[in-house]
Every structure is written in C-alpha cells, then in structure tokens.
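Chemist: Give me coordinates for this.
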Amino acid sequence: MALRIGINADSSLINGDLSILERILRGFQSAGFSHVEIPVHGLDCIINSALCSKRLANTQRILEKFPFSYSVHAPDGLNLADGENREAHCKALLATIDFASEIGAGIVVYHGSHMDKPAGPFAGVEDWTAETDRLGKIAAHAEKRHVIVAVENIFRQSPLEVTYRIDPRELAKIVLAVGSPSLAICFDFGHAFISANEENFAIGDALCAALPRIAHIHVHDNFGKPWGKYTRTIDSLPLGAGDLHLPPGWGIIPYDLLLPILLPAYKGVFMMEIQPRFSDLYGEAINWVRSMVE
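Modeler: Sure thing, here's the model as predicted:
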C-alpha cells in the first residue's frame, strides 16, 4: 500500500469562509499531501445539530476540485456524556457522520466523552455502561453510512474531569466493550505524550494497548508539558508548554521508539495536525514521515 500523508484543515483559520478552504486546499496540493482532514465545524455545515444542505453542497463543489482523500473531524466540543444537552450533542455527531458519508470520507474523529462534575472516582469501564450504549448507537449509524468513528485520546482538560479519553488504555477498553467494526481509535501521539507525563503512564504501553483498534492517527510534536498559564501558541511556544502541534521532529516525542510499535500493523493515513503558523514547514514534515516510515 502506498504511503498516504495527510494534513488537517484548521477550523479557526477557515472560520466559515469557504473561499479560505479552497485556498488552503490548493496550498496542501502544492505541498504534496494526498489526504486532508476536514473540520465540519469550521465550515458551518452543521447548524442546530442538523446537516445544512446548502452549505454541504457548496463544500462538496470545492472538495471535488481536488484529488485528495478525506477524513472528517467532528466539532471539538461534542460530548455524548454532556449533562445538560446530551441529545443535541448526539444528533450533531450523527450529522457529522452523514456529512462524512456525503463527501466520501471514511473516518470521523470524535474527541471522546467526559463528565465535568464527577460523583466519585473513575473506576474503569463499568462506570461507563451508558456511554458504551450511546457509542453503540453511534457506531450502528456509522456502519449504515459506511463510516468509521475513531475516538481520539485527549490530555486532561480540567482537574475535575472524569473520562476514559485521557489514557489510551482506558479508551481501548471502551471501544472493545462496544465491539463494533465501525468504532475505533484515533491515536493522537501529541496528546498521548502530554497525558503520559501528566498521568504517569508509559506512552509505549498505551500505544500497544490501543493498537488492535487504531484506525487513524494524528502526528505532531511537543515537549510533553501541560499548557500552564498560557494557552495561546504565541505565548506558550517560547516556554515549550502545551499542545503546540509542532511539525514532527521539532519536539521530543520519541517517534523512533513508537513508530516500530505502530508499524507494520497500521495501514491508514499518516495524518499530521500541524499548527498553521508552521505551514512553511509542510515539505519538511512530509519528508520526515517518509524517512521515518519508508
């Protein structure tokens, strides 16, 4: 299988302007990418938890101009365990799956669920029975639309957060408990590296546990530090703190140790998530992937 190297279209950069989407896709094509991850929330294609047909049609006309294969990133804030408006979150994720199917994308990335006000300590899969039921219904809809929902591991967002998405080993248990071929894992190396340092687990062990269900990956770099006081890249970059989304090789994630675990089992896209401020380094990033993999 030919090596497929992808890049994310940044939602905040597009910010609902489809002319910007077209412009950055041209740039991705010139850089040599073969795959693009489309942020449905950056396109205003989902409004009030429903797919907007007019925006979808306009988006399709742009995407069809390019030779890319596509995946889709669901809205960052979706949370199937939301305590106030759970049904709206579920419908929005279902609409995201429909969007992916309509543009011919086979993967939808979902950030996973969390509880902001825990009643007690997280004790494992048994605390998430309702979540496995919800994910099972999501997976059933995805199967009908020929899409795989890949749940992404995320580093801790709040001191009170209770979730399975921080530790890929716990995420793997949830996905295996659902037991659907249409539900898998998106292993984010940058997030896992921060989590491993914050939560005191070995990133290699986490990757091994997740490997049987990994359908998609996110590749970027950082220094394994939490955000701290600053959450904007322009402020945190001089300190090397936070989820910087650096080109791979610019931080200290031990890819030389991790990629041999991933390969040759992984057959999907090498999807890089690089902060747009580093777009001048796309060529270098593509060469890094080729040198590491081939």
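
Chemist: make it CA atoms for all contacts and neighbour counts henceforth
Modeler: Fine.

Chemist: And the helices in this structure?
Modeler: 11-14, 18-31, 53-63, 86-103, 129-144, 168-178, 189-199, 203-210, 233-236, 255-262, 282-293 (DSSP state H).

Chemist: So for H245, which of the ones you listed sits nearest?
Modeler: H245 lies closest, by CA to CA, to one member of the helices of the chain: helix 189-199, at 7.4 Å.

Chemist: which secondary structure elements does the closest one contact?
Modeler: On a contact count with 3 or more CA pairs under 8 Å, 6 or more residues apart in numbering; DSSP states H and E, helix 189-199 meets helix 203-210, strand 214-219.

Chemist: Pick the most buried one from these.
Modeler: Comparing these by mean neighbour count (mean count of other CA atoms under 10 Å), strand 214-219 ranks first with a mean of 23.

Chemist: wait, doesn't S101 sit right on K144?
Modeler: No - here S101 lies out of contact with K144, judged by CA atoms under 8 Å, at a distance of 9.6 Å.

Chemist: re earlier: which among the helices and strands packed on helix 189-199 is found nearest to G283?
Modeler: Using CA to CA, the nearest of the helices and strands packed on helix 189-199 to G283 is strand 214-219, at 14.8 Å.

Chemist: Tell me which strands the closest one pairs with, and in which orientation.
Modeler: The pairing partners recorded for strand 214-219 under DSSP bridges are strand 183-188 (parallel), strand 270-272 (parallel).

Chemist: Same list (these) but as TSV, adding mean pLDDT and distance to P247.
Modeler: Below are those laid out as TSV (pLDDT from 0 to 100; distance: least, CA to CA, whole Å):
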stretch	mean pLDDT	distance to P247
strand 183-188	98	14
strand 270-272	98	8
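
Chemist: so can I have CSV of these showing distance to I20 and mean neighbour count?
Modeler: Output for the strands paired with strand 214-219, formatted as CSV (distance: least, CA to CA, whole Å; neighbours: other CA atoms under 10 Å):
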stretch, distance to I20, mean neighbour count
strand 183-188, 26, 26
strand 270-272, 20, 24
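
Chemist: want to throw those strands into CSV with distance to G204?
Modeler: Converted to CSV, those look like this (distance: least, CA to CA, whole Å):
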stretch, distance to G204
strand 183-188, 12
strand 270-272, 18
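
Chemist: Distance from stretch 245-260 to the middle of the chain?
Modeler: Distance of stretch 245-260 from the chain centroid (CA atoms, centre = their mean, to the nearest Å) equals 17 Å.
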